[in-house]
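Trainee: missing the sequence, but the structure's below:
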C-alpha cells in the first residue's frame with residue numbers, strides 16, 4: 001500500500017487527510033500527554049517533602065493564667081544560633097513554622113523571669129508548649145539576667161564556704 005494512501009487522499013491535486021490519520025494523530029497526542037501527566041504525578045509523589053513542622057507557644061502568667069502580651073520568644077538551635085524572634089500578641093499564643101529538629105526557646109519579658117525550654121519539631125506535626133511566666137523584680141532583661149546570675153553565684157559561694165567547715 002503506498003504511503004500517500006495511508007496518510008490521506010488526493011482531490012484535484014490537493015492532499016486531504018483521511019479520518020483515520022487524524023484519529024491516529026489525536027490518539028498519539030493523547031497518549032503522550034497521558035504519559036507526561038503520569039510521570040509528573042509520580043515525580044510529585046516521590047519528591048522529598050519539605051521537612052517542616054509547627055511550634056505553638058502559649059504564654060500565661062503563672063498565678064492568674066492570663067495571657068502574657070509583649071513577651072519576646074527567641075527560637076535557638078542547639079548551638080545557640082538564633083532562628084527566629086517572635087513577640088506574643090494579645091492572646092499570648094504564638095505559632096511559627098520550623099524545620100524538623102531540636103530547638104531551645106527563650107521567653108523573656110520585662111516583668112517576668114526568663115524561661116528556657118527545649119522542644120523538638122517533627123515534620124508535619126505541631127509541637128505545643130505552655131509557658132507559665134512568674135513575676136520577677138529584676139525581670140528578664142539582659143541586666144536582670146546578669147544580676148540573677150551574680151546573686152546565684154554569691155549564694156553558691158557562701159553555701160560552699162559554709163559547707164567546707
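Mentor: On my side now, so go ahead. These numbers come from a predicted model, not from an experiment.
Trainee: use CA for all of it now, contacts and neighbours both
Mentor: OK.
Trainee: so where's this protein uncertain?
Mentor: For the chain, residues meeting the criterion pLDDT under 70 lie at 1-14, 48-50, 137-152, 162-165.
Trainee: Longest helix of it, counting residues only.
Mentor: Counting residues, the longest helix found in the chain (DSSP state H) is helix 19-46.
Trainee: Quick check: next helix or strand after that helix?
Mentor: Next helix or strand after helix 19-46 toward the C-terminus (DSSP states H and E): strand 52-61.
Trainee: buried sites along the longest helix of the chain?
Mentor: Going by neighbour count (16 or more other Cα atoms under 10 Å), nothing in helix 19-46 comes out as buried.
Trainee: got it, and stretch 88-95?
Mentor: Within stretch 88-95, the residues that qualify as buried are 88, 92, 93, 94, counting by 16+ other Cα under 10 Å.
Trainee: and the first one, what does it touch?
Mentor: Just to be clear, that refers to residue 88. Neighbouring residues of residue 88 by Cα atoms under 8 Å, 6 or more residues apart in numbering: 59, 68, 69, 70, 71, 72, 73, 94.
Trainee: Switch those residues over to TSV; also include distance to residue 26 and secondary structure.
Mentor: Converted to TSV, the contacts of residue 88 look like this (distance: Cα to Cα, whole Å; DSSP: H, G, I helix; E, B strand; the rest coil):
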residue	distance to residue 26	secondary structure
59	63	strand
68	66	coil
69	64	coil
70	64	coil
71	64	coil
72	62	strand
73	60	strand
94	55	strand
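Trainee: and which of the residues you listed is nearest residue 117?
Mentor: Nearest to residue 117 out of these is residue 73 (Cα to Cα; 10.5 Å).
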